[in-house]
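Colleague: The sequence and its predicted three-dimensional model are supplied below.
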Amino acid sequence: MVHYVALIHLDADGSYRVSFPDIPGVVTAGETIEEAEEEAAELLAFAAEDPDGAIVFNQPRTIDELNKDPAFVAASKDAIGALMNTSRRHATPTSQRRHGRASSRPATSCLRQALKAWMPGSSPGMTGQ
């Protein structure tokens with residue numbers, strides 16, 4: 001299963017926008033972080049199954065590789081990071097599933113905390129959102 005880093009930003013209108021640094025043009029949003037993550041997971045799974053191949057899936061980069069990219073560093077400022085997979089079978093954010101059942105913790109919270117430690121532009125206060 002392939003995992004991609006997603007960046008979640010709080011927009012001026014109060015919604016949460018999700019983009020994928022390694023998949024140009026794949027963007028979605030939600031009114032809450034959880035809704036944005038669910039939309040992003042579903043969109044990523046759908047895009048991976050696109051029979052036309054219209055969406056470019058670059059090889060996912062590691063956090064270390066992303067942190068060397070000035071565009072990523074700029075885009076990650078004030079963002080929450082999450083890992084998403086391309087499998088429709090697991091079209092929920094990866095940390096939401098544990099031992100075959102949904103977790104009671106907010107989606108991707110553990111992954112957010114791990115990613116925040118490596119994302120150069122992030123603010124520590126956003127980790128728990």
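Modeller: Structure's in. What do you need? Computed from a predicted structure; not experimentally measured. Numbering: from 1, shown residues only.
Colleague: what about the longest helix in the chain?
Modeller: Criterion DSSP state H: the longest helix present in the chain is helix 33-48.
Colleague: buried stuff in that one?
Modeller: Under the neighbour-count criterion of 16 or more other C-beta atoms under 10 Å, helix 33-48 has Ile33, Ala36, Glu37, Glu38, Glu39, Ala40, Ala41, Leu43, Leu44, Ala45, Ala47, Ala48 buried. C-beta here means a position set from N, CA and C on the backbone, and glycine is covered the same way.
Colleague: Show me what it is packed against.
Modeller: The elements that helix 33-48 packs onto, with contact taken as 3 or more C-beta pairs under 8 Å, 6 or more residues apart in numbering; DSSP states H and E, are strand 3-10, strand 16-19, strand 27-30, strand 80-85.
Colleague: Mean pLDDT and mean neighbour count added to these, as a markdown table?
Modeller: Below are the helices and strands packed on helix 33-48 laid out as a markdown table (pLDDT from 0 to 100; neighbours: other C-beta atoms under 10 Å):
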| stretch | mean pLDDT | mean neighbour count |
| --- | --- | --- |
| strand 3-10 | 94 | 21 |
| strand 16-19 | 96 | 21 |
| strand 27-30 | 95 | 17 |
| strand 80-85 | 88 | 25 |
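Colleague: To Asp64, which of those strands lies closest?
Modeller: strand 3-10 (11.5 Å; C-beta to C-beta).
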